[in-house]
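**Q** Mind looking at a prediction? Sequence and model below.
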Amino acid sequence: MQIKECIVSAPGKAILHGEHAVVHGKVALAVSLNLRTYLRLQATSTSKVCINLPNINTFLSWDVAVLKQLLPDSGAELGNVNELDAELVRMLRKFVGVSNGTLDTRSMAILAFLYIYLCVFAKSRELPSLTVSVWSELPTGAGLGSSAAYSVCLAAAMLSASGTIPSPLSDQENTARWGEVEMELINRWAFQGERIIHGNPSGVDNAVGTWGGILRYRSGKITALSRVPMLRILLTNTKVPRSTKVLVAGVKDKMNKFPSIINPVLESVDAVSCTCEQTLTEMASDTPTPEHYNVLEELIDINQHHLNVIGVGHTTLDTLCQVTLARGLHSKLTGAGGGGCGITLLRPETECSVIQNTIQDLRDCGYDCWETRIGAAGVQQHSPLAVKEQQCHDFRQACGPSLGQAADLHRPPHDISFKVLGFLSLPRAWPILTLQAHTAVLQSYGAARHHSVSLSMWGT
Ligand SMILES: Nc1ncnc2c1ncn2[C@@H]1O[C@H](COP(=O)(O)OP(=O)(O)OP(=O)(O)O)[C@@H](O)[C@H]1O
Ligand SMILES: C[C@@](O)(CCO)CC(=O)[O-]
Ligand SMILES: [Mg+2]
């Protein structure tokens, strides 16, 4: 089967309000980050399927002939884009050698890859040999939607390579986005990948990864919020590892144990999300006032306390909130919690010295951060022209023993503009995708672990 090579990328995300409640049908407000995951899919003639996942130090390959044995004899199509094929997942768990228990980092990534690869290409009964390389600016497992960006890239690349969706690139474009119909299909397959990794995802993460921008999300209904004000936000990573799947399951257990206590809390989180949306809309249609920011800050505090009640807080997140509050700033966890990342709201009048001192205080706690701009574009395809022939040290270091030493890749580059890598194609010189990361407020990475980030949306 002739497949089309492609390079795709998808953004990470931050949830302003509604994490965990959104799994149970409440409203969440989520924004895309300008930290992206990149995937390169190359056609090969090796009769093997290879994956290079340097961020999780995973480099594997399988014979196509062996993978073909996983296809149903009947020739029936595999996997329904709307439902996870439980029998296929069971077969793949056995094939990969994982028990029914909690999946580890490597197993989750491999299962999500094999599931989408087999389902998308099974229709043709011809499984192609290919190499997929993934590189991300997002820390894995930190609450910024790394699994969703990975799943969205897998879905977009497989659908494009198989010809299921056309390439959106024209001859004059280096980067392009798909139309609504194609993004809907990408999002649905990405959601299946998230279901393998998250267990019981709401779908908000893969929706933000697909469409980008700022979204109101409730039970699969996605509303792009076109007018929201400029907000400045600090992004902090406590670097405490945790599993979204485990945290989501823990909330469910607590709901089952104390329904009359937890259900009202989720209703209240829903009201927080809706009040925040209403406030942001007022701010965009009028001049933002100090009272608007007072409301946004109170909502952050209320939501953070609710997240502690449902059991997804962590002492490091408490420290983040205390340290920033001592400087008059309000913070909450973002994503699944239990460690990972938090966001801090900055007012327009917040003085630079206050930000610097807050950053220093948090840096002294050993926390980390990276720069990004919020409201980035969703999933994109990049042409090879977007790729420059230039060797880049980081990626080689990232690619493990066979390709250099694996490095600690959960930290962003040390300089302001960083090279995002692309994709190995040894032994030919390998291309990289160089992207300047632009940040509203920059400090040298080595001095300050935080950069204030402007939530610059389409509004004022
Ligand atoms: N760059 C990557 N390469 C390979 N696998 C990845 C990559 N990024 C994420 N993953 C997969 O996603 C898993 C992390 O998903 P998880 O949902 O726990 O964290 P998250 O998505 O970063 O946080 P949240 O869901 O709270 O936003 C990893 O264990 C790995 O299996
Ligand atoms: C915790 C959660 O609400 C957000 C994780 O980023 C899980 C989900 O919505 O799938
Ligand atoms: Mg995730």
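**A** Yep, it's here. Ligands and ions are numbered 1, 2, ... in the order given.

**Q** When you work out contacts or count neighbours from here on, use the C-alpha atoms and nothing else.
**A** Noted.

**Q** how does the protein divide into domains?
**A** 5-224+376-426, 231-374 (automatic domain parsing).

**Q** Now the weakest link among those, please, by mean pLDDT.
**A** Mean pLDDT is lowest for domain 5-224+376-426 among the domains of the chain, at a mean of 84.

**Q** and that one, does that touch ligand 2?
**A** Yes: contact of domain 5-224+376-426 with ligand 2 (Cα under 6 Å from any ligand atom) involves 19-20, 22-23, 143, 145, 201-205.

**Q** Go ahead and list the helix or strand containing the residue of the stretch 51-200 of the chain found nearest ligand 3.
**A** Among all residues of the stretch 51-200 of the chain, Ser147 sits closest to ligand 3, at 4.2 Å; criterion: Cα to the ion. Applying DSSP states H and E as the criterion places Ser147 in helix 146-161.

**Q** helices and strands around that helix, which ones?
**A** The contact analysis (3 or more Cα pairs under 8 Å, 6 or more residues apart in numbering; DSSP states H and E) places helix 146-161 against strand 6-17, strand 28-43, helix 105-122, helix 180-198, helix 204-211.

**Q** Please identify the deepest-packed of the ones you listed.
**A** Using mean count of other Cα atoms under 10 Å, the stretch among the helices and strands packed on helix 146-161 with the largest mean neighbour count is helix 204-211, at a mean of 32.

**Q** By neighbour count, which of the residues of domain 5-224+376-426 next to ligand 2 wins?
**A** Asp205 (34 neighbours; other Cα atoms under 10 Å).

**Q** ok, now which ones touch that residue?
**A** Contact analysis of Asp205 by Cα atoms under 8 Å, 6 or more residues apart in numbering lists 13, 30, 145, 148.

**Q** same thing but 10 Å
**A** 11-15, 19, 30-32, 143-149, 151-152, 187, 190-191, 194, 212, 217, 335 (Cα atoms under 10 Å, 6 or more residues apart in numbering).

**Q** again with Ala376
**A** Ala376 neighbours (Cα under 10 Å, 6+ apart): 10-13, 31-36, 208-209, 211-214, 455-457.

**Q** For it, grab phi and psi.
**A** phi -70, psi 170 (degrees, to the nearest 10).

**Q** Check Leu299 too.
**A** According to degrees, to the nearest 10, Leu299 has phi -60, psi -40.

**Q** what separates it from Thr319, distance-wise?
**A** Counting by Cα to Cα, to the nearest Å, the separation of Leu299 from Thr319 is 19 Å.

**Q** cool, and Ser268?
**A** From Ser268 to Thr319 the distance is 24 Å (Cα to Cα).

**Q** out of these two, which sits in the busier spot?
**A** Counted by other Cα under 10 Å, Ser268 and Thr319 do not tie: Ser268 has more neighbours, with 18 against 14.

**Q** Which stretches in the stretch 251-400 of the chain count as helices?
**A** Ranges of helices in the stretch 251-400 of the chain, per DSSP state H, counting those that start in this stretch, are 259-285, 290-309, 315-325, 352-364, 393-398.

**Q** got CSV for those helices, with distance to Pro72 too?
**A** Output for the helices of the stretch 251-400 of the chain, formatted as CSV (distance: least, Cα to Cα, whole Å):
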stretch, distance to Pro72
helix 259-285, 42
helix 290-309, 44
helix 315-325, 47
helix 352-364, 54
helix 393-398, 37
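
**Q** got the contact list for the nearest residue to Ser47 once chain neighbours are set aside?
**A** Of all residues not flanking Ser47 in the chain, Ser129 sits nearest, at 4.9 Å (Cα to Cα, 6 or more residues apart in numbering). By Cα under 10 Å, 6+ apart, the contact set of Ser129 is 1-3, 42-50, 62-65.

**Q** Can I get the buried part of the residues you listed as one ChimeraX selection?
**A** Filtering the contacts of Ser129 down to the buried ones (16 or more other Cα atoms under 10 Å) takes a single ChimeraX command:
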select :3,42,43,44,48,49,50,64
